[in-house]
Structure formats: C-alpha cells, structure tokens
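Student: with the input below, show me the fold.
(one chain, ligands or ions: 3)
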Amino acid sequence: MPEIKKIGIITSGGDAPGMNAAVRAVTRTAASKNIDVIGFYKGYAGILDKDYIELTYSSVGGIMEKGGTILRTARVPEFKNPEIRAEAAKNLRELGVDGLVVIGGEGSLTGAKLLYEEFNVPVIGIPASIDNDIPHTDMAIGVDTCLNTAVDAMQKLKDTASSHERAFIVEVMGRGSGYIALMSGLSVGAEAVIIPEVPVDYNELTDRIWQERKRGKINCIVVVAEGAASAYSVARHFENKIGYETRITILGHIQRGGSPTAFDRILASRMGYSAVNFLLEGKFGTMVALEKGQTVTVPLEKVLSEKKVLDPQLIELVNTLS
Ligand SMILES: Nc1ncnc2c1ncn2[C@@H]1O[C@H](COP(=O)(O)OP(=O)(O)OP(=O)(O)O)[C@@H](O)[C@H]1O
Ligand SMILES: O=P(O)(O)OC[C@H]1O[C@](O)(CO)[C@@H](O)[C@@H]1O
Ligand SMILES: [Mg+2]
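Tutor: Ligands and ions are numbered 1, 2, ... in the order given. Reported below is the predicted structural model:
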C-alpha cells in the first residue's frame, strides 16, 4: 500500500452544488488518518500557480450546505497542452502532494487522466457536473440539486402559464446532454422535451400541441436542452401554430447554484470519503462511481473512452406520459 502524507484537492469546470460537501468529506476523512490536505484554488489554475490553502478538520466546518465551491473553480483551456500539464505535475511533486482528488465534470476528469498517464500523478476523480454526462456512474454530484431547482422554476411557470393560457418554452442547461431537460420535463409533466439525442419533428409536435389546445388544455410547457436548440429558435417553429401565446424562459446559471439537496450532500460525502480510502488502497487513475447504490472505482481510461447514453426507456417514458 502506498504511503500518503498529503492530499491535494481541486474543484474544476462548471461548479456543481455538493462540491463543498465533497471537499469537506475528503478533508475530514484524510484528517482522521493524519493526512495533510491542501485545496488548490480555481481548478488546474491553482496547481499551476501554486495557489492553495491548507484545509483542516475544523476549517471545512459549515461548508456542506453552501452552494458553489469554496475552492472556486475555473476552465483552464491551456491544460490541454502537455507542457502545461508537465508544469502542474512538477508543482505537485514539489509540494509533496502524493494524492490528487479532482472534483469535476468529464473535461476535468480528462485532465486528471492525462496527469496520471503522462506523469504518474496519483489522481482520483469525483464526478461532479450538473450535466450528468459522465459514464459509469449512476449520478454525478450536483445533478439532483439542479433538477430540483429547474423543477421548482418550471412549476412556477406552469402556474402563470395556466392563468394566462400560455405556452412556455423553457431552456435548460446541457451542452451535449439532454439529461436535465428530460428529467425536469418528466417531473413537471411537460408537453414535450427537446434534447440533442433525439431529432425533433416540429410539424408533428406543433400539431399535437394544437390538438391538445383544442381539447381544452390551458397550459403548455416545452423543455429544450441548450445543446439541442435555443428557446428562441423553438419559438419560431411555434409561431401561430399551437393556439397559445408563447413566452420564453432561459433558466441559465440558477441551475448551478443553491444549497445542495440531501441527496447531493450524502452522495458527495460518500464519494469524498471513498476517494481517500481508494487512494490509500493505491487505486490511482480511477474515478469514484456510484454503481447499484455502492461507491466503487472505475479506471478513468474506461470512463472517458465512452459517452454517457440517455436511457432509451426514460425517453420512451417521457414520450408516453407527455
Ligand atoms: N482534453 C483535455 N485535456 C486536458 N485538460 C482538459 C481537457 N478537457 C478539459 N480539461 C480541463 O478541465 C477543465 C474543465 O473542463 P470543462 O470545461 O469541459 O468542464 P467539466 O469538468 O466537464 O465540467 P462541466 O461540464 O460540468 O462544466 C478545462 O478548463 C481544462 O482545464
Ligand atoms: O457559463 P459556463 O460556466 O461556461 O458554463 C456553461 C456550461 O456549463 C454547464 O452548465 C455544465 O456545468 C453546461 O451545461 C453549460 O453549457
Ligand atoms: Mg462537462
């Protein structure tokens, strides 16, 4: 078993509610084993700039319920350059970091995988991205909170939609994945969900909404994932064709903020705790995943060689119920 004396943590990519709970769990688990912990600021930028803070059992008190990330985060495009990654690996060695926990989405985990493969940095990843686009884990940290935020907003839009007999086109996040759109649409009983994974037939869709309107329906919620189309372009297809006056709402970055739900706090705590234990078992170059209710490790190589596919049964379910 490798001896680990100092663990470094970063939060990287888009922030996700629950990242703080993961930072707390890693720190406290490490502290319980007399391992020092440092948190680098702003993802990979903090490693490159040696900009970090020492984290202790007590310094991470009271952060679990906070949205965002106390370590802050960043997108650092230059990390795609191997010479820059070499600098990061050198800095980590100089600082005596013998275990690096990377908390972030699939982009951040790609950076972690390369640090491990190219420079033997002992990394472990924790999946955290509201997009839920990371393969081999049932859930990523932040997804549940994001969905609850989106559903809360849509439920309010449904109220005003009914009062005014209007249609709302609600654009949600998801650059490459329709997960947020599909699951929030399912949760509010949306009339349609437009996602990058499934081509949309606007003639069929507008006709269906028009028929429902004629039968007496008084509201219509259409959820669109940003990666599929913009709400404005969807609205252009709807103009004068669905029997409703239409309004557009882009939920935007409120989906990334807020105090994490109990689910995200628990998931982040479990994953943070497991990350330290897996590092101590020498399971470097892996990601902590939630599989059938258990935290397990999956090699980053395997995680990142695939694209997460939306469950076709869920798509069928939404189509059936809408
Ligand atoms: N191919 C890559 N090689 C090396 N580093 C990468 C690569 N892709 C991303 N990264 C690093 O990870 C950072 C975050 O990636 P990205 O912006 O894709 O977000 P993410 O981690 O996928 O999170 P989210 O999608 O939730 O916003 C990048 O800014 C970069 O520093
Ligand atoms: O505005 P930013 O921080 O670049 O992030 C936007 C992107 O990040 C994500 O929210 C994931 O965190 C994507 O769904 C979205 O496209
Ligand atoms: Mg991503």
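Student: any chance you could map the strands in the chain?
Tutor: With DSSP state E as the criterion, the chain has strands at 6-12, 36-40, 52-55, 99-104, 123-127, 166-172, 192-194, 220-225, 245-250, 286-291, 294-299.
Student: in TSV: those strands, plus mean pLDDT and mean neighbour count.
Tutor: For every residue, glycine as well, the C-beta is placed using N, CA and C. Listed next are the strands of the chain as TSV, based on pLDDT from 0 to 100; neighbours: other CB atoms under 10 Å:
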stretch	mean pLDDT	mean neighbour count
strand 6-12	98	28
strand 36-40	98	23
strand 52-55	98	18
strand 99-104	98	30
strand 123-127	99	31
strand 166-172	98	24
strand 192-194	98	25
strand 220-225	98	27
strand 245-250	98	16
strand 286-291	98	23
strand 294-299	98	17
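Student: got TSV for those, with distance to ligand 2 too?
Tutor: Formatted as TSV, those follow (distance: least, CB to the nearest ligand atom, whole Å):
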stretch	distance to ligand 2
strand 6-12	11
strand 36-40	19
strand 52-55	22
strand 99-104	9
strand 123-127	12
strand 166-172	8
strand 192-194	15
strand 220-225	9
strand 245-250	12
strand 286-291	17
strand 294-299	21
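Student: distance to Ile266 added to these, as a markdown table?
Tutor: Output for the strands of the chain, formatted as a markdown table (distance: least, CB to CB, whole Å):
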| stretch | distance to Ile266 |
| --- | --- |
| strand 6-12 | 18 |
| strand 36-40 | 21 |
| strand 52-55 | 21 |
| strand 99-104 | 16 |
| strand 123-127 | 14 |
| strand 166-172 | 24 |
| strand 192-194 | 28 |
| strand 220-225 | 27 |
| strand 245-250 | 30 |
| strand 286-291 | 10 |
| strand 294-299 | 11 |
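Student: quick one, which of those strands gets closest to ligand 1.
Tutor: Checking the strands of the chain against ligand 1 by CB to the nearest ligand atom gives strand 99-104 as the closest, at 3.9 Å.
Student: who's in contact with that closest one?
Tutor: Among residues not part of strand 99-104, those counted as contacts by CB atoms under 8 Å, 6 or more residues apart in numbering are 4, 6-13, 19, 22-23, 26, 35, 43, 69, 73, 92, 108-109, 111-112, 115, 121-126, 128-129, 141, 272, 275-276, 279.
Student: per-residue pLDDT, the residue nearest to the spatial centre of the chain?
Tutor: Nearest residue to the geometric centre of the chain (CA atoms, centre = their mean): Ser129, 1.5 Å. With respect to pLDDT, Ser129 has a value of 98.
Student: leaving out sequence neighbours, find the closest residue to it.
Tutor: Take Ser129 and drop its neighbours on the chain: the residue closest to it by CB to CB, 6 or more residues apart in numbering is Gly105, 3.2 Å away.
Student: neighbours of that neighbour, how many?
Tutor: Gly105 has 24 neighbouring residues, counting by other CB atoms under 10 Å.
Student: now do the nearest residue to Arg265 once chain neighbours are set aside against Met183, distance only.
Tutor: In space, and not counting its chain neighbours, Arg265 is closest to Ala21: 4.8 Å by CB to CB, 6+ apart. As for Ala21, its distance to Met183 is 21 Å (criterion: CB to CB, to the nearest Å).
Student: indicate which one of the strands of the chain is closest to ligand 3.
Tutor: Ligand 3 lies closest, by CB to the ion, to one member of the strands of the chain: strand 99-104, at 7.9 Å.
Student: CA atoms of the closest one as PDB?
Tutor: The C-alpha trace of strand 99-104 is given here as PDB (Å, rounded to 0.1, in the frame of the first residue of the first chain):
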ATOM      1  CA  GLY A  99      -2.700  12.000  -3.900                       C
ATOM      2  CA  LEU A 100      -4.700  14.400  -6.000                       C
ATOM      3  CA  VAL A 101      -8.500  14.500  -5.800                       C
ATOM      4  CA  VAL A 102     -10.100  16.100  -8.900                       C
ATOM      5  CA  ILE A 103     -13.800  17.000  -8.400                       C
ATOM      6  CA  GLY A 104     -15.400  18.000 -11.700                       C
END
